[in-house]
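Asker: here is my input; please provide its structure:
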Amino acid sequence: MKKYMLAAVAALSLGFGALAVHAAEEGAWTGALIDNHCGDKKADEAAAMKHPVSCALKESCAASGFQLVVGDKHYKLDDKGNEQAKAYLEKVSDKDSGVKVTIAGKVDGDKIEVSSIKDAEKK
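Answerer: The predicted structure is shown next:
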């Protein structure tokens, strides 16, 4: 009986540890907003910033969803974030340039559950 209790406690401890590792991190991230189709081909944020908004809004590109490129990390947006990203990009006045934004939400792995998208602060 004692062996079974120890095994059960060990299994529960491992399970709770795994949950802690996979917990979403809340915060805000600033980077280049780009469509997934073209963003997957860009190595980093500098390359993504050269991508025009007009391309990201093309039907086939926009249908692929959107991502935020921060340095060399690519974060895909959730469905709500994709809708917000498209609406944000439609309002951008200079469609020939890339766009730097700050996205707030929860990141889990390589996906962001978006709560807001706004202009990145100019430095």
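
Asker: what sits against the closest residue to Lys118 other than its chain neighbours?
Answerer: Once flanking residues are discounted, Lys118 sits nearest to Thr102: 5.5 Å by C-beta to C-beta, 6 or more residues apart in numbering. C-beta here means a position set from N, CA and C on the backbone, and glycine is covered the same way. Neighbour list for Thr102: 28-30, 117-121 [criterion: C-beta atoms under 8 Å, 6 or more residues apart in numbering].

Asker: can you tell me which of those has the most neighbours?
Answerer: Neighbour counts for these (other C-beta atoms under 10 Å) peak at Ile117, which has 22 neighbours.

Asker: so for it, what's the pLDDT?
Answerer: At Ile117, the model reports a pLDDT of 98.

Asker: over to Ala24?
Answerer: pLDDT, read off for Ala24, is 80.

Asker: next one: the one 10 residues further on
Answerer: Looking at Ile34, its pLDDT is 98.

Asker: from the contacts of Thr102, which is closest to Lys95?
Answerer: Lowest distance from Lys95 to the contacts of Thr102 (C-beta to C-beta) belongs to Asp119, with 15.7 Å.

Asker: name whatever forms a beta bridge with that closest one.
Answerer: Val101 (DSSP bridges).

Asker: these two touch, right, it and Ile103?
Answerer: No - contact criterion C-beta atoms under 8 Å: Asp119 and Ile103 do not qualify, at 11.2 Å.

Asker: tell me, what residue is most central in the protein?
Answerer: Centroid check for the chain by C-alpha atoms, centre = their mean gives Tyr75 as the closest residue, at 3.1 Å.
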